[in-house]
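S.K.: what follows is a predicted protein model with its sequence.
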Amino acid sequence: MTVADSRPLLAITLGDPAGIGPEVILKALQHEEVFAKCRPLVIGDQGVLSRAAGWLGIRPKYDLVVDVGSGRFESGTVPLLDLANVELASAPVGQVSASAGRAAVEYVTRACDLALARRVEAVVTAPLNKEAMRQAGFLYPGHTELLAERTAAERISMLLVGPNLRVVHVSAHVSLEEAIRRVTPARVLEVIELAHLSCQTLGIQTPRIAVAGLNPHASENGLFGAQEENQIQPAIEQARSRGWTVSDPQPPDTVFLRTTRGEFDIVVAMYHDQGHIPMKLLAFDSGVNVSIGLPIIRTSVDHGTAFDIAGTGIAREESMLAAIDVAVQMAATQRGNVSQRAL
């Protein structure tokens, strides 16, 4: 009798074939501990991986998977669902191309569909290139929006996870003018809810949630703006009525430092750069991007396609390893929740 493999099965998407995604995936799969904690299945193209292996100076042993879950998933191999969807000449390394953009989206949609069908437990993504996607006819700002449409998710946000900082955003890929408009009581409450859910998904059952202000010094009692009083505080009061531990609007210039020192478990940031700047500063190579609010688990490296260094072999795999770790952790929490519901 065959003993069932208890390691979670993760779909790892290749990202833009012209970027550093293929390199960081190959480097990550050189680590034996990855296979000890999960079954990593790359959704990609063998030709692209072999091209990347050439400049890394390695010769991968591919485990070509036809039926998801049937691979050996052994250290020293690259388990691969080969979509064979890239002509290398049409996706030159380090350059934007419609061919690469189209292939990258195909990897994500295949992985998403496998997760929706519960054939994989989580999706881990390498970076996309927005311009390449646009040239291919896909007008998504990024993974989160693509996956939200694919899964019909209505309440989503971007969660950043670092070694000692977690940040979730009220808005992400929009102009600053639009970001200010999106600071409404309903949206702020929604993101506080997602922050609470994020922490529970990561194993923190009673999180301490910090809410950053929008204005300098969180407006300093109305001196620098009214959003804190009119848009943010009402959402905080509603969240507190549920018994949650949520701060008043905090000065953005200190709240992230206080969180890294253990005062809070997560920060609700009002816009993209407010949350990304401290995270990039503290965890540029080890940060993880998580799409919260989807019906599937999705984690990602917290860096871009880095066309300027693609093909050089110097891209670092720490963020990919961290994204795998967070996906494994979230999958374990999800398994535990399913078990509890079954009791």
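M.R.: That came through fine. Residues are numbered from 1 along each chain as shown.

S.K.: ok, Ser247 touching Phe264?
M.R.: Yes. Using Cβ atoms under 8 Å, Ser247 makes contact with Phe264 at a distance of 7.0 Å. Placement of C-beta: from N, CA and C, glycine included.

S.K.: hey, what's in contact with both of those two?
M.R.: Residues touching both Ser247 and Phe264 (Cβ atoms under 8 Å, 6 or more residues apart in numbering) are Arg208, Ile209, Ala210, Val255.

S.K.: residues touching the last one, list them.
M.R.: It refers to Val255. Ala210, Ala212, Ser247, Phe264, Val267.

S.K.: turn the shared contacts of Ser247 and Phe264 into a markdown table, columns for distance to Ile324.
M.R.: As requested, the shared contacts of Ser247 and Phe264 are exported to a markdown table (distance: Cβ to Cβ, whole Å):
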| residue | distance to Ile324 |
| --- | --- |
| Arg208 | 27 |
| Ile209 | 26 |
| Ala210 | 27 |
| Val255 | 29 |
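
S.K.: nearest to Ile180 among the residues you listed?
M.R.: Closest approach to Ile180 among the shared contacts of Ser247 and Phe264 (Cβ to Cβ): Val255, at 18.4 Å.

S.K.: sec struct for the closest one, please.
M.R.: What DSSP: H, G, I helix; E, B strand; the rest coil gives for Val255 is helix.

S.K.: and it, how far from Arg166?
M.R.: Per Cβ to Cβ, to the nearest Å, Val255 is found 12 Å from Arg166.

S.K.: equivalent analysis for Ile309, please.
M.R.: Relative to Arg166, Ile309 is positioned 28 Å away (Cβ to Cβ).

S.K.: more neighbours: which of those two?
M.R.: Set Ile309 next to Arg166 and count neighbours by other Cβ atoms under 10 Å: Arg166 wins out with 25 against 15.

S.K.: these two touch, right, that one and Leu160?
M.R.: Yes. With contact defined as Cβ under 8 Å, Arg166 reaches Leu160; the gap is 6.9 Å.

S.K.: overlap in contacts of Val255 and Arg166?
M.R.: Val267.

S.K.: just the element for Leu41, please.
M.R.: For Leu41, the host element (DSSP states H and E) is strand 39-44.

S.K.: try Pro163
M.R.: Counting by DSSP H and E, no helix or strand carries Pro163.

S.K.: quick one: contacts for it?
M.R.: Shown in contact with Pro163 (Cβ under 8 Å, 6+ apart): Leu282, Ala283, Ser286.

S.K.: same check, this time on Leu176
M.R.: Tyr271.

S.K.: can you tell me how far it is from Leu189?
M.R.: Leu176 sits 22 Å away from Leu189, taking Cβ to Cβ as the criterion.

S.K.: mind listing the strands for the stretch 201-343 of the chain?
M.R.: Remark: strands assigned in the stretch 201-343 of the chain by DSSP state E, counting those that start in this stretch are 208-212, 245-250, 266-269, 288-292, 298-301.

S.K.: helices or strands up against the second one?
M.R.: Judged by 3 or more Cβ pairs under 8 Å, 6 or more residues apart in numbering; DSSP states H and E, strand 245-250 is in contact with strand 208-212, helix 233-240.

S.K.: can you pull out the low-pLDDT segments for this protein?
M.R.: Scanning the chain for pLDDT under 70 picks out the ranges 1-3, 337-343.

S.K.: tell me where it has helices.
M.R.: Counting by DSSP state H, one finds helices in the chain at the ranges 21-28, 32-37, 46-56, 98-116, 130-135, 143-151, 176-181, 185-201, 227, 233-240, 252-260, 272-283, 318-342.

S.K.: closest to Val68 out of the ones you listed?
M.R.: Closest of these to Val68 is helix 98-116, at 6.0 Å (criterion: Cβ to Cβ).
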